[in-house]
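Asks: Here is a sequence with its predicted model. Questions after.
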Amino acid sequence: MDDFRNILFIDIETAACSDNYTGISERLKVQWARKASFFRQRTEDQTDEVMFHERAGIYAEFGKVIVIGMGKFSANENGERILKTRIFANHDEKVVLQEFKQALEKMDQGQVRLCAHNGKEFDYPYLSRRMLIQGIALPSVLNFSGKKSWDIPHLDTMEMWKFGDYKHYTSLDLLATLFDIPTSKGDMDGSKVNEVYYRDNDLNKIAEYCAGDVVAVAQLFLRLKGQPMVESKNIQAG
């Protein structure tokens, strides 16, 4: 139990940096055109603008963080494991990142280890890059510029599932299904975040989706460690 108390489970939700492609700087448009040319299929006739709305959010250089969820294990008075979650959500990315950093700084950063699904390839570097772009000094727990993925001390449930097979990608949804981990995503998935954010203007829905992913990551971590999941009555939203 004590070995898991220093683990901070996180998940982030991101969107394109702007819904108005024509309003972004000409310099950024040029850079996006270069980026889009790498993944545009020869048979695709999508414009740079369409691809920006569909894909920009997954790249830290062209997206922004709109929600960060985190969860941490603790114990109740009966000695049962509980999971406490907290969500940071704001249209102002700098506010989201600063609030998350403040939460990190209240912890012993020499002891805390982050855990996310595909965190080493996405969540950790995305957060670090966006903090620097926003002029926020990196907290020590995220300051690993120049390190190889295997040198990063944090945890990654996808990496745990790979068992050394670095060619293999398995989604959180699939693993939650395999391990019978309850989810409450409804019709929401990562590919719809940009649409829900800009078209529906529903940040709360995205925050709820993120909170569900934090719980799923924590429960998956326990299952990958051969431990029972936290009972639903012991999951507390902060």
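Replies: That came in fine, so what should we check first?

Asks: The chain: helices as residue ranges?
Replies: For the chain, the helices defined by DSSP state H cover 26-39, 48-55, 93-105, 123-133, 157-162, 172-178, 193-198, 203-224.

Asks: Output the contacting helices and strands for the longest strand along the chain.
Replies: Under DSSP state E, the strand in the chain containing the largest number of residues is strand 63-75. In terms of contacts (3 or more C-beta pairs under 8 Å, 6 or more residues apart in numbering; DSSP states H and E), strand 63-75 is packed against strand 7-16, strand 81-89, helix 93-105, helix 123-133, helix 203-224. Any C-beta I mention is one placed from the backbone N, CA and C, and that applies to glycine too.

Asks: Point out the other helices and strands that the second one packs with.
Replies: Taking 3+ C-beta pairs under 8 Å, 6+ apart as contact, the helices and strands that strand 81-89 lies on are strand 63-75, helix 93-105, helix 203-224, strand 235-237.

Asks: Same question for the first one.
Replies: Identification of packing neighbours for strand 7-16 by 3+ C-beta pairs under 8 Å, 6+ apart yields strand 63-75, strand 113-116, helix 123-133, helix 193-198, helix 203-224.

Asks: could you point out where the chain is predicted with low confidence?
Replies: 1-2, 40-45, 149-150, 184-186 (pLDDT under 70).

Asks: re the thing from before, output the helices and strands packed on strand 7-16 in a markdown table; the columns should cover distance to Ile24 and mean neighbour count.
Replies: Shown next, in a markdown table, are the helices and strands packed on strand 7-16 (distance: least, C-beta to C-beta, whole Å; neighbours: other C-beta atoms under 10 Å):
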| stretch | distance to Ile24 | mean neighbour count |
| --- | --- | --- |
| strand 63-75 | 12 | 23 |
| strand 113-116 | 28 | 22 |
| helix 123-133 | 14 | 20 |
| helix 193-198 | 14 | 20 |
| helix 203-224 | 21 | 22 |
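
Asks: Kindly state which of these is positioned closest to Leu175.
Replies: helix 203-224 (5.6 Å; C-beta to C-beta).

Asks: Format the CA atom coordinates belonging to that closest one as CSV.
Replies: What follows is helix 203-224, C-alpha atoms only, in CSV (Å, rounded to 0.1, in the frame of the first residue of the first chain):
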residue,chain,number,x,y,z
LEU,A,203,-15.6,22.0,-21.2
ASN,A,204,-17.4,20.3,-18.3
LYS,A,205,-18.1,17.2,-20.5
ILE,A,206,-14.4,17.0,-21.4
ALA,A,207,-13.5,17.4,-17.7
GLU,A,208,-15.8,14.5,-16.8
TYR,A,209,-14.3,12.4,-19.5
CYS,A,210,-10.8,13.2,-18.2
ALA,A,211,-11.8,12.3,-14.7
GLY,A,212,-13.0,8.9,-15.9
ASP,A,213,-9.7,8.3,-17.6
VAL,A,214,-7.7,9.1,-14.5
VAL,A,215,-9.8,6.5,-12.6
ALA,A,216,-9.3,4.0,-15.4
VAL,A,217,-5.5,4.4,-15.4
ALA,A,218,-5.3,4.0,-11.6
GLN,A,219,-7.5,0.9,-11.7
LEU,A,220,-5.5,-0.5,-14.6
PHE,A,221,-2.3,0.1,-12.7
LEU,A,222,-3.6,-2.0,-9.8
ARG,A,223,-4.7,-4.8,-12.1
LEU,A,224,-1.2,-4.8,-13.8
